[in-house]
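Enquirer: Sequence plus the predicted model coming up.
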Amino acid sequence: MTWLFILLGIVLLLIAVLFYFTVKGFINPVDKHKVPENLPFPVEEIQIPLPDGRHLYGWWIFSGKDAPTLIFAHGWGRNAQRMLPYLKNFYGLGMNMLAFDARGHGNSDPDKYANLVKFADDIIACMNYVQNNKKTSHPDFNLVGLSIGGAGSIYAAAHDHRVKKVITVGAFAHPASVMRNQFKTYHVPYYPIIWLLHIYLKIFQDFNMNKVAPEKHISKAKASFLLIHGEEDKTVPVEEAKRLAKAAGKKAELWIIPGRGHSDCHLEKGFWEKVTGFMKRAEIHEK
């Protein structure tokens, strides 16, 4: 019997070690950065307050006091610099632009774990900052979000009807399905590791994946959506975009790009015409 207890102890120890490194892997990397030189637009560096007293770092690109605001949300482990291609191509459309570092990312105040609700809360904090500081008199906001930033944009639009238009690239419908796909790639078993992780997130991070899944909230939004996804996306499978589009119904336009993956959709021919056209149609509609 002694060897059975020893074997059980070894198995439990291996599970504990694997679980520890799995949880640790969810701590997002922090990449400090500076405003690049020679940008085609002036950047005002801003500090955006959060309800808990911490601050987000952001870039404010002014267009006009009566112009709507376009907010850009990067993906996991990135920062505002990831949005530079978008900022350059949207500049000149008559919208104020705000790109920010999510909490725990880039130059923003630290935070251990990122999730889509925190991204959504950060987006809403950006909207509040713009209005509270009277950066514009226009009441409407539009969003562009990549990956988890896209998922957070959907969640924000569902809970804050100041959002009128949302473009997502590589957003997921349900965090659990994406997590399952990622762990399958690394041969991490669902039981007990992922199962334990779900419990850990629910109890210690107050994060219930089923309750916050974007596919369960997108229909609540008053905004319209352009959902973009690479057909060869290995990080967030294209089925996630199809689920989002189905949940959104007539509110969403789905664009699946053949041959593109998770981070290169913006390199597709006609991409910028498509996304800027979507936003310009929003402005015509608002007038």
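Expert: The structure has been received and is ready for your questions.
Enquirer: does the residue nearest the centre of the chain sit in a helix, a strand or a coil?
Expert: Per CA atoms, centre = their mean, the C-alpha nearest to the average position across the chain is that of G149, at 0.9 Å. At G149 the chain is in helix, as set by DSSP: H, G, I helix; E, B strand; the rest coil.
Enquirer: residue contacts, L50?
Expert: Listed by CB atoms under 8 Å, 6 or more residues apart in numbering, the contact partners of L50 are L56, R103, D109, D121, D122, A125. Where C-beta positions appear, they are placed from N, C-alpha and C, glycine not excepted.
Enquirer: Go through these and flag which are in strands.
Expert: Among the contacts of L50, DSSP state E puts L56 in strands.
Enquirer: Can you tell me which of the contacts of L50 is nearest I228?
Expert: Lowest distance from I228 to these (CB to CB) belongs to D122, with 21.3 Å.
Enquirer: quick one: the closest one and D101, what's the gap?
Expert: In this view, D122 and D101 are 9 Å apart by CB to CB, to the nearest Å.
Enquirer: any shared contact partners between the two?
Expert: When contacts are counted by CB under 8 Å, 6+ apart, the set common to D122 and D101 consists of L56.
Enquirer: So which residues of the stretch 51-200 of the chain form helices?
Expert: In the stretch 51-200 of the chain, helices defined by DSSP state H, counting those that start in this stretch lie at 84-90, 116-132, 148-159, 175-185, 195-204, listed in chain order.
Enquirer: out of those helices, deepest packed?
Expert: Ranked by mean neighbour count, these are led by helix 148-159 with a mean of 29 (mean count of other CB atoms under 10 Å).
Enquirer: contacting residues around that helix?
Expert: Against helix 148-159 from outside (CB under 8 Å, 6+ apart): 72-76, 102, 114-124, 143-145, 163, 166, 168-172, 175, 212, 214, 217-223, 225, 244.
Enquirer: Any of those buried? List them.
Expert: 72-76, 102, 114-124, 143-145, 163, 166, 168-172, 175, 212, 214, 217-218, 221, 223, 225, 244 (16 or more other CB atoms under 10 Å).
Enquirer: I'd assumed V212 was in contact with A173.
Expert: No: contact criterion CB atoms under 8 Å: A173 and V212 do not qualify, at 11.5 Å.
Enquirer: and P36, how far is that from E268?
Expert: 24 Å.
Enquirer: Let me know how buried the closest residue to P49 other than its chain neighbours is, in neighbour terms.
Expert: Nearest in space to P49, with sequence neighbours left out and distances taken as CB to CB, 6 or more residues apart in numbering, is H55 at 5.7 Å. Residue crowding around H55 was assessed by other CB atoms under 10 Å; the count is 17.
Enquirer: for H55, what are its contacts?
Expert: Neighbouring residues of H55 by CB under 8 Å, 6+ apart: Q47, I48, P49, S108, D109.
Enquirer: and the nearest residue to A252 once chain neighbours are set aside, helix, strand or coil?
Expert: Nearest residue to A252, sequence neighbours excluded (CB to CB, 6+ apart): F225, at 4.0 Å. With three-state DSSP as the basis, F225 sits in strand.
Enquirer: F225 against V169, yeah?
Expert: No: in terms of CB under 8 Å, F225 does not count as a neighbour of V169; the distance is 11.7 Å.
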